[in-house]
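Enquirer: Kindly generate the corresponding structure for this input.
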Amino acid sequence: MWPFLGWLAVAAAPLIPLDFVSGRLMAHARSLWLLGLLTVGIVWLAPRELWLALIGLWFLIRWAKAADPPALLPSLVQWIGVGATWGLLLALPPSWLAWAPWGWLAIAGWQSGT
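Expert: Here you go, the predicted structure:
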């Protein structure tokens, strides 16, 4: 059921009404689509990983109040990466999970050095 709703949210992007194409209207349409996708993600995450759903809810509230919503996009993408990494780690065998913090520390150290 949930994968279907996710694909439906992605497929609904062309249904956002635009009278004519301009940079401002395209940015507004992109914001609406991202808000919808973020809402679907929050609903899907809430029963599984509440902490990620709460972070998504924070972004949803901030996005609606922000004067420049695309400015929030880089930090949102970073949190999506954290959530995706978490999902991948949950798919690993439990004995491998002991190495996950060391992997994250190595990546953080590499990013700090560049």
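Enquirer: so what pLDDT did the residue nearest the centre of the chain get?
Expert: Geometric centre of the chain, nearest residue: I80, 4.1 Å, by Cα atoms, centre = their mean. In this model, I80 is scored at 83, pLDDT.
Enquirer: One more: L50?
Expert: 91.
Enquirer: Please tell me how far it sits from L57.
Expert: 10 Å (Cβ to Cβ, to the nearest Å). For the C-beta atoms, the positions are set from N, CA and C on the backbone; glycine is no exception.
Enquirer: Ok, I42 next?
Expert: I42 is 6 Å from L57, where distance means Cβ to Cβ.
Enquirer: before we move on, the earlier item: counting neighbours, go ahead and name the busier of L50 and L57.
Expert: L57 (15 against 10; other Cβ atoms under 10 Å).
Enquirer: Which helix or which strand is home to the more buried one?
Expert: Taking DSSP states H and E as the definition, L57 sits inside helix 50-65.
Enquirer: what about the helix or strand T85 falls within, distance to the chain center?
Expert: According to DSSP H and E, T85 maps onto helix 73-90. Helix 73-90 sits 7 Å away from the centroid of its parent chain (Cα atoms, centre = their mean, to the nearest Å).
Enquirer: can you state the direction angle for that helix and helix 50-65?
Expert: Per axes from the mean of the first three to the mean of the last three Cα atoms, to 10 degrees, the angle that helix 73-90 makes with helix 50-65 is 170 degrees.
Enquirer: Please shift the residue numbers so they start at 50 in all later answers.
Expert: Sure, I'll start counting at 50 from here, so that last one is helix 122-139.
Enquirer: tell me which residues in helix 122-139 are buried?
Expert: Within helix 122-139, the residues scored as buried using 16 or more other Cβ atoms under 10 Å are 125, 129, 132.
Enquirer: which outside residues touch the helix or strand following that helix?
Expert: As assigned by DSSP H and E, the chain's next helix or strand after helix 122-139 is helix 149-162. Contact with helix 149-162 is made by 134, 138, 141, as judged by Cβ atoms under 8 Å, 6 or more residues apart in numbering.
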